[in-house]
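# what's the 3D shape of this:
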Amino acid sequence: EAPIEENADILGLTISPLTDTLRADLGLDSDADGLVITDVDEASEAYAKGMRAGDLITEAGQQKVETIGDLEARMEESREAGRKSLLLLVRRGGDPRFVALSLEN
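Below you'll find the predicted structure:
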């Protein structure tokens, strides 16, 4: 049994790993994977780009993310590659869309 990771605050987003409870709350399939946005800082770029609580991040940098560690690793890889932003695949109600968030703090 994997330990339950706590929420993490990343890029203005409060992010939580997907659990069965969250899947049910969000009306997702039981096999849905990703990270749930549980809160968005209204002063953040993410909020300005339309990301909201309840959105699901399924990919970052064109690779699947299922844990907060996955997302942090993608961010680190992007920074090391000299990229200024990270491309996220975000789903809301089944509709996928790409959102690029700046990695510059």
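
# Let me see the contact set for the residue sitting nearest the centre point of the chain.
Nearest residue to the geometric centre of the chain (CA atoms, centre = their mean): Ile57, 3.6 Å. Under the criterion of CB atoms under 8 Å, 6 or more residues apart in numbering, the neighbours of Ile57 are Ile15, Gly34, Leu35, Val36, Ile37, Val65, Leu71, Leu88, Leu89, Val90. Where you see a C-beta, it was placed from the backbone N, CA and C, and this is true even at glycine.

# Tell me how far the nearest residue to the fifth one once chain neighbours are set aside lies from Arg92.
I take that to be Ile37. Ranked by CB to CB, 6 or more residues apart in numbering and with sequence neighbours excluded, the top spatial neighbour of Ile37 is Asp55, at 4.6 Å. In this view, Asp55 and Arg92 are 5 Å apart by CB to CB, to the nearest Å.

# Comparing the two, which residue is more hemmed in?
Between Asp55 and Arg92, counted using other CB atoms under 10 Å, the more crowded position is Asp55 (25 against 15).
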